[in-house]
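K.L.:
Okay, here's the prediction I keep looking at, along with the sequence it came from:
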Amino acid sequence: MKILVIGDIVGRPGRDFLRNNALKIKRDLAIDFFVANGENSAGGSGITLDTAKDLFEAGIDVVTSGDHVFKKKEIKEVFSKYSVIRPLNYGRQVLGQGYIIKQAGDSKVAVINLLGRVFMQPADCPFNAVMSVLEDIKKCAKIIIVDFHAEATSEKVAMGYFLADKVTAVLGTHTHIPTADERIINGTTAYITDLGMTGSFDSVLGREKANVIEKFVTNMPVKFNLSQNDVRMQGVVIDADETTGHAVSVRRVEIKG
């Protein structure tokens, strides 16, 4: 099975790119299952019903999220209508679900969302959280994709080794900058520290350069407008064995609009 997983979709530029290109990309790459992080899809922060609709109409199967998932008040309706998940380690009292299992051809694919704690807002331990559900998930699905939305590279690498041999892939999101460390750990688990983003490459993390530079230079409040220039989709394509659940290969992709 070929699985495409892409990094944080940043606002309308990222959504428009997917609306115009995603179905062709899926055909060209022979993709069977498509996962995307959508927590920045609504104006650069959060998810709304309209932005979720855009993403699923573009052919995405599961949308993951992170620390901005609750920025929009309609997130409750988003969770009830679409296959959008929030970090598992927000705890059981929080709206939404931390993982989802979906049918893909003759196989089932599980997607788990986790949130890092280093340099991030308070959350339960992601390591304990994932182990609390993994046994039950494995009863239903061989292929398991983990989106670890975290800031610290060390925390992401640690999670990759922690889940090696237990899941198909551990893929970092949040920093919007793709890393060059994709690999197959122990010959079983695909890993990359960050997938990058789907948004403007001619920007600072999807925002107009001048706005962000002004903030750094003056230390004064500045509105960060989304950049519209040179939009690209960044992520990885994983070839997974449907019998064992092991990753056979992983490669970075970057596609320009």
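P.N.:
On my side now, so go ahead.

K.L.:
list the contacts for the one residue sitting closest to the centre of the chain?
P.N.:
The residue lying closest to the centre of the chain (Cα atoms, centre = their mean) is Asn37, at 3.1 Å. Counting by Cβ atoms under 8 Å, 6 or more residues apart in numbering, Asn37 touches Ile6, Gly7, Asp8, Ile9, Val63, Thr64, Ser65, Gly66, Asp147, His149, Thr173, Leu195. Where C-beta positions appear, they are placed from N, C-alpha and C, glycine not excepted.

K.L.:
Test my guess that the third one contacts His174.
P.N.:
Yes. With contact defined as Cβ atoms under 8 Å, Asp8 reaches His174; the gap is 7.0 Å.

K.L.:
Need the residues touching each of the two.
P.N.:
The contact lists of Asp8 and His174 share Gly66, where a contact means Cβ under 8 Å, 6+ apart.

K.L.:
Same drill for these two, tell me which one is more crowded.
P.N.:
Applying other Cβ atoms under 10 Å to Asp8 and His174 shows that Asp8 carries more neighbours, namely 30 against 27.

K.L.:
what's the more buried one sitting at in phi/psi?
P.N.:
Main-chain torsions, Asp8, degrees, to the nearest 10: phi -50, psi 120.

K.L.:
Please apply the same query to Lys156.
P.N.:
Backbone phi and psi, for Lys156 under degrees, to the nearest 10, turn out to be phi -70, psi -50.

K.L.:
how close does it get to Leu171?
P.N.:
9 Å (Cβ to Cβ, to the nearest Å).

K.L.:
and what of Ile25?
P.N.:
Counting by Cβ to Cβ - Ile25 and Leu171 are separated by 18 Å.

K.L.:
neighbour count winner among the two?
P.N.:
More crowded of Ile25 and Leu171, by other Cβ under 10 Å: Leu171, with 30 against 19.

K.L.:
And the contacts of the host helix or strand of the more buried one?
P.N.:
Using DSSP states H and E, the element containing Leu171 is strand 169-173. By Cβ under 8 Å, 6+ apart, the list of residues contacting strand 169-173 from outside reads 3, 5, 7-8, 37, 64, 66, 144-150, 153, 156, 159-160, 163-164, 179, 189-195, 236, 238, 240, 247, 250.

K.L.:
That one: partners in the sheet, and parallel or antiparallel?
P.N.:
strand 143-149 (parallel), strand 189-192 (parallel) (DSSP bridges).
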